[in-house]
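# quick one: sequence plus predicted model below, questions after.
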Amino acid sequence: MNKKVLILSGSPRKGGNSDLLCDQFTQGAQEAGHQVEKIFLKDRTIHYCTGCGICNAGKPCPQKDDMSEILEKMIAADVIVMATPVYFYTMDAQMKTLIDRTCSRYTEISNKEFYFIVTAADTSIPAMERTVEGFRGFTDCLEEAKEKGVIYGVGAWQIGEIKQTKAMEQALTMGKRC
């Protein structure tokens, strides 16, 4: 089955370690015949949620930025890949801001498969669980979200160091299996 795969790259560095893993996942998914789109969050304008509550009244978010387009793509996707570098043992601001801004339509992000990619200089996979739990906190709020895999890109600090880790092959393999 041809799936729509949406990759949300929270890396602030194009070609950074988490972004490289996104590219590997993309390659695998394309080889499997899926339609893939990667959104590099740094290139988008996504304002912080202001907590105005307008969306709680059934009205669209009043902010004029790129989030409404991204939300449409999230709603339309079959598979969503969320990738972030780990900053102080949690996701970066770009990814957290995106998650917060789904508030206006999160109930429409239903029946999706999710993959999480985390990269860090630390070599401890258990130390990455706080970041993964942040993603799970988001998907726990969604109807029928299915976690399909986590790629732990540990031990990579400088740009490109991820290329010497098994996470590259894992990303390619998970992309092929999505």
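Now that the structure is in, tell me what you want to look at. Numbers count the residues shown, from 1 in each chain.
# can you tell me the centre-most residue of this protein?
In the chain, the residue lying closest to the centroid (C-alpha atoms, centre = their mean) is residue 82, at 1.2 Å.
# read off the pLDDT value for it.
Residue 82 carries a pLDDT value of 98.
# and it, that one's in a strand?
Yes - the assignment for residue 82 (DSSP: H, G, I helix; E, B strand; the rest coil) places it in a strand.
# measure it to residue 59 for me?
Separation of residue 82 from residue 59 (C-beta to C-beta, to the nearest Å) stands at 27 Å. Where C-beta positions appear, they are placed from N, C-alpha and C, glycine not excepted.
# for the protein, just list every one of the helices.
Assigned by DSSP state H, the helices in the chain fall at 17-31, 67-76, 93-101, 129-139, 167-177.
# which of the ones you listed sits closest to residue 45?
Proximity to residue 45 (C-beta to C-beta) singles out helix 67-76 among the helices of the chain, at 8.4 Å.
# what does that closest one contact?
Contact with helix 67-76 is made by 4, 6, 8, 37, 39, 44, 46-47, 60-61, 80, 98, 101-102, 104-105, 108-109, 112, as judged by C-beta atoms under 8 Å, 6 or more residues apart in numbering.
# once you drop chain neighbours, what's closest to residue 163?
Of all residues not flanking residue 163 in the chain, residue 20 sits nearest, at 6.8 Å (C-beta to C-beta, 6 or more residues apart in numbering).
# pretty sure the one you found is in contact with residue 168, am I right?
Yes - using C-beta atoms under 8 Å as the test, residue 20 is close enough to residue 168 to be in contact (7.4 Å).
# among those two, which residue is more densely surrounded?
A side-by-side neighbour count of residue 20 and residue 168, using other C-beta atoms under 10 Å, places residue 20 first with 27 against 18.
# where does that one land on pLDDT?
If you check residue 20, the pLDDT there is 97.
# residues contacting it?
Residues near residue 20 by C-beta under 8 Å, 6+ apart: 160, 162, 163, 168.
# and the third one, how many neighbours?
The one in question is residue 163. By the other C-beta under 10 Å criterion, the neighbourhood of residue 163 contains 13 residues.
# residues near the nearest residue to residue 61 once chain neighbours are set aside, how many?
Spatial nearest neighbour of residue 61, excluding adjacent residues (C-beta to C-beta, 6+ apart): residue 104 at 4.2 Å. Residues within reach of residue 104, counting by other C-beta under 10 Å, total 20.
# correct me, but residue 104 touches residue 63?
No - when contacts are counted by C-beta under 8 Å, residue 104 is not listed as touching residue 63 (9.2 Å).
# distance of the residue of the chain most remote from its centre relative to residue 104?
The C-alpha centroid of the chain is most remote from residue 57, which lies 27.5 Å away (C-alpha atoms, centre = their mean). Using C-beta to C-beta, residue 57 is found at 10 Å from residue 104.
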